[in-house]
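J.: My questions concern the predicted model and sequence given below.
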Amino acid sequence: MPKPLSLALIAAIALSGQVAASPDLGAYLAARQAGLTQDYDAAATYFGKALTRDPGNTALRENTLTAQIAVGHVEDALPVARAMLADGQNGQMANMVLLAEAARAEDWTRIFDILDAGHDVGPMIDGLTRAWALVGTGRMDAALAAFDETVDAPGLRSFGYLHKAVALAQAGDLEGADAILSRPPAQGVAPTRASVLTHVRVLCRLGRFERAQEVLDDGFGRTAAPDLRAIREKVAAGMVPTRAGLADTPRGAVAHLYLSLAEALQGGEADPSYLLMYAQAAAHIDPKLARAHVTAARLLDEIGQHDLAAAAFARVDPADPAFLTAELGRAEALRAQGRTEAAIEALSQLARRHGDVALVHASLGDIHREAGDYAAANSAYDTALSLYAPDHPSRWWVTYARGITHERLDQWDSAEADFRAALRLEPGQPSVLNYLGYSMVEMGENLDEALAMIEQAAAARPESGAIIDSLGWVLFKLGRYDEAVTHMERAVELVPVDPIVTDHLGDTYWMVGRTVEARFQWRRALSFDPAPDLAERIRRKLEVGLDEVMREEGRTPADMAYDAD
């Protein structure tokens, strides 16, 4: 968490001229703090309030713009951007707002005026926006030449070719579009969701449905995401899919342009808050572009703004094929906010509308399991597994998760069957090996097999504190205390504030005669807010020692060393 601004920093800000001599300092500082925590909703409010007291302040204008764009209120940013332009202030975000509004209004002449005045955003945005403005004004020859300029620019070949192909398709030259999209990726367009679906639609419009199916399969495989199923079904039926590909109008193409930049850089080194600006600009240009809302929502989720993410996901039209993806994302954002009941309700409604989609039921199972409703989770997982194909890559996870619910419901035979089935689907999977091995350790069953499983898991994930703890604990149960100490100490290094792992280290120290250190670790475990039953047992150990607690429980150290044979 960032530190509050100090009095020295407040004074430095005032003296530096970043705020006026008589600013609304409270609003400014609140806005700065909100900006540091990426709370864009609060930042937009407070920066806007500060700006009313100091309307010509460049820094306040830029910060207000950024916050307003981030929350998707591009229309609120327009007056600020226009004021900056009128005062000769040339900022990238202001220029983006002005270009985005002109594209939304299909005011292509305005776009020429902005770009010709040097109010640029970046080489790709500027070049392709100008090309689409030329398409919008009917100057196709000049537009194609502008697309070619982008093709020839370093690093922009794929973007230039894709937009040129879309422009040709919009003009009715489907053969020309297909020729570009059929080029090898190294010479033409990189395979992305947008490029694949654009090619599919071009091929369908040409009546080449078999080839379109091949392109779909090559691009997405046979296990396509739920929102691609409608497209696949239409192609198989010999129909041209709607809402597939880049765009049908210049305005839509410019919206996709901004979105493609956000998507292309997502997951890399680019700051997600910076990419958010492009996604929100795309959503402003074309509010019906579902992927823009989904991308903006995912970026908001990534920076921890789950409430804004949920609102962005909710902007997707229920009739849009992306609605299913958006609702799954909204439910996850609600869960991340701690609004578990709202997330369950969203997924339950989705299950009623899309009862044939396994992922919906699997997601519902996950959130029920996290909430501790293992019976409801088990039922949801049953439904999901009845819908997943036998070779679906997610099947092992759902089988494993159902096994956890069986174990928590004291249905060990069913749990063990699921865990072993998950291992057959995904041999050597460390999480499954660890859970099954640890469960057998806790039950005092098959300790030799459990040790082999956990050793395999630890070899695969040596930095997992939970797995290293399991390895130490099975050695403890086998009476191999000296060996257990090394692993338990490593586990506590990896997860230093886990009450269970810390308690295990204390028990292990006790068994090798390091009783002072054992009591120290038990006290540490109590400070980490353990579950009530564990806390009670730890307090008893601190009173009388582990040996006496085990005697009271009807066990002895010798009972721990269980021979699986």
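T.: Sure thing, it's come through. Residues are numbered from 1 along each chain as shown.
J.: pLDDT below threshold where in the stretch 101-250 of the chain?
T.: For the stretch 101-250 of the chain, the stretches with pLDDT under 70 are 222-224, 226-227.
J.: Could I get the full set of strands for it?
T.: Remark: no strands are assigned in the stretch 101-250 of the chain by DSSP state E, counting those that start in this stretch.
J.: Burial check on the nearest residue to E62 once chain neighbours are set aside, number of neighbours?
T.: Nearest residue to E62, sequence neighbours excluded (C-beta to C-beta, 6 or more residues apart in numbering): G91, at 5.6 Å. The way it works is simple: take the backbone N, C-alpha and C, and place the C-beta from them, glycine included. By the criterion of other C-beta atoms under 10 Å, G91 has 18 neighbours.
J.: residues contacting V497?
T.: Contact analysis of V497 by C-beta atoms under 8 Å, 6 or more residues apart in numbering lists F528.
J.: in what helix or strand does it lie?
T.: Per DSSP states H and E: V497 is located in neither a helix nor a strand.
J.: Could you do the one 3 residues further on as well?
T.: Counting by DSSP H and E, the element that carries I500 is helix 499-511.
J.: Mind checking what helix or strand follows that helix in sequence?
T.: Following helix 499-511 in sequence, per DSSP H and E, is helix 515-527.
J.: for that next one, packing partners?
T.: Using 3 or more C-beta pairs under 8 Å, 6 or more residues apart in numbering; DSSP states H and E, the elements in contact with helix 515-527 are helix 499-511, helix 532-544.
J.: looking at those helices, which is buried most?
T.: helix 499-511 (a mean of 24; mean count of other C-beta atoms under 10 Å).
J.: ok, and what's touching that one?
T.: By C-beta under 8 Å, 6+ apart, the residues outside helix 499-511 that reach it are 465-466, 469, 472-473, 476, 481, 484-485, 488-489, 491-492, 495-496, 515, 517-522, 524-526, 528-531, 534, 538, 541, 545-547, 557.
J.: Helix or strand with the lowest mean pLDDT in this protein?
T.: The weakest-scoring helix or strand in the chain, judged by mean pLDDT, DSSP states H and E, is helix 7-16 (a mean of 33).
J.: Show me what counts as buried in stretch 423-438.
T.: For stretch 423-438, the neighbour count (16 or more other C-beta atoms under 10 Å) marks 423, 425-426, 429-438 as buried.
J.: Actually, stretch 361-372.
T.: Using 16+ other C-beta under 10 Å as the test for burial, stretch 361-372 gives 361-369.
J.: coming back round to it: contacts only, for the residue nearest to E62.
T.: G91 is in contact with 61-62, 65, 84, counting by C-beta under 8 Å, 6+ apart.
J.: Quick one: buried ones out of those?
T.: Applying 16+ other C-beta under 10 Å to the contacts of G91 flags 61-62, 65, 84 as buried.
J.: where does the stretch 451-565 of the chain dip in pLDDT?
T.: Along the stretch 451-565 of the chain, segments meeting pLDDT under 70 span 556-565.
J.: hmm, back to that, including distance to R183 and secondary structure, could the buried residues of stretch 423-438 go into TSV?
T.: Output for these, formatted as TSV (distance: C-beta to C-beta, whole Å; DSSP: H, G, I helix; E, B strand; the rest coil):
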residue	distance to R183	secondary structure
L423	44	helix
L425	39	helix
E426	38	coil
Q429	40	coil
P430	42	helix
S431	43	helix
V432	44	helix
L433	46	helix
N434	48	helix
Y435	48	helix
L436	50	helix
G437	52	helix
Y438	53	helix
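J.: Wait, P430 touches S464, no?
T.: Yes - using C-beta atoms under 8 Å, P430 is in contact with S464, at 7.2 Å.
J.: Find residues that contact each of those two.
T.: What both P430 and S464 touch, as defined by C-beta under 8 Å, 6+ apart, is the set A457.
J.: Run a quick neighbour tally on the closest residue to A142 other than its chain neighbours.
T.: In space, and not counting its chain neighbours, A142 is closest to L134: 4.8 Å by C-beta to C-beta, 6+ apart. By other C-beta under 10 Å, 23 other residues sit near L134.
J.: Can you name the residues that contact L134?
T.: 108, 140, 142-143, 146.
J.: Give me the phi and psi angles of the residue nearest to E62.
T.: Here the main-chain torsion angles of G91 (degrees, to the nearest 10) amount to phi -110, psi 140.
J.: same deal with T249?
T.: Taking degrees, to the nearest 10, you get phi -140, psi 160 for the backbone angles of T249.
J.: Pull the contacting residues for it.
T.: Q170.
J.: Kindly report the same for I344.
T.: 364, 367-368, 371.
J.: Could you list which of these belong to helices?
T.: Among the contacts of I344, DSSP state H puts 364, 367-368 in helices.
J.: after whichever helix or strand T64 is part of comes which helix or strand?
T.: Per DSSP H and E, T64 falls inside helix 58-70. As assigned by DSSP H and E, the chain's next helix or strand after helix 58-70 is helix 74-86.
J.: other SSEs contacting that next one?
T.: helix 40-53, helix 58-70, helix 92-104, helix 272-285.
J.: if we can go back for a sec, C-alpha coordinates for the helix holding I500, PDB please?
T.: The C-alpha coordinates for helix 499-511 follow below in PDB (Å, rounded to 0.1, in the frame of the first residue of the first chain):
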ATOM      1  CA  PRO A 499      -0.700 -21.100  10.600                       C
ATOM      2  CA  ILE A 500      -0.800 -24.800   9.600                       C
ATOM      3  CA  VAL A 501       2.700 -24.900   8.200                       C
ATOM      4  CA  THR A 502       4.100 -23.000  11.200                       C
ATOM      5  CA  ASP A 503       2.300 -25.300  13.600                       C
ATOM      6  CA  HIS A 504       3.800 -28.300  11.700                       C
ATOM      7  CA  LEU A 505       7.300 -26.900  12.100                       C
ATOM      8  CA  GLY A 506       6.600 -26.500  15.800                       C
ATOM      9  CA  ASP A 507       5.600 -30.200  16.100                       C
ATOM     10  CA  THR A 508       8.600 -31.300  14.200                       C
ATOM     11  CA  TYR A 509      11.000 -29.300  16.400                       C
ATOM     12  CA  TRP A 510       9.300 -30.800  19.500                       C
ATOM     13  CA  MET A 511       9.900 -34.300  18.300                       C
END
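J.: Tell me what angle it forms with helix 515-527.
T.: 170 degrees (axes from the mean of the first three to the mean of the last three C-alpha atoms, to 10 degrees).
J.: In contact with the nearest residue to K234 once chain neighbours are set aside: list those residues for me.
T.: Distances taken as C-beta to C-beta, 6+ apart place P241 nearest to K234, at 4.4 Å, with adjacent residues excluded. Going by C-beta under 8 Å, 6+ apart, P241 touches 197, 200-201, 204, 230-231, 234-235.
J.: quick one, phi psi at P241?
T.: For P241, the backbone dihedrals (degrees, to the nearest 10) come out as phi -70, psi 140.
J.: okay, now Q187: neighbour count?
T.: Q187: 8 neighbours (other C-beta under 10 Å).
J.: From D547, how far out is it?
T.: 75 Å (C-beta to C-beta, to the nearest Å).
J.: which element is the residue nearest to L425 when sequence neighbours are not counted on?
T.: The shortest distance from L425 to any non-neighbouring residue, by C-beta to C-beta, 6+ apart, is to W396 (3.8 Å). In the assignment (DSSP H and E), W396 maps to helix 395-408.
J.: cool, L350 as well?
T.: With DSSP H and E as the test, L350 turns up in helix 340-353.
J.: Of all the residues in that helix, which ones are buried?
T.: Buried, per 16+ other C-beta under 10 Å, within helix 340-353: 340, 342-344, 346-348, 350-351.
J.: D307 - how many residues pack around it?
T.: Using other C-beta under 10 Å: D307 sits among 16 other residues.
J.: and the closest residue to L289 other than its chain neighbours, what pLDDT?
T.: Closest residue in space to L289, ignoring its immediate chain neighbours: A255 at 5.1 Å, by C-beta to C-beta, 6+ apart. As predicted, A255 sits at a pLDDT of 96.
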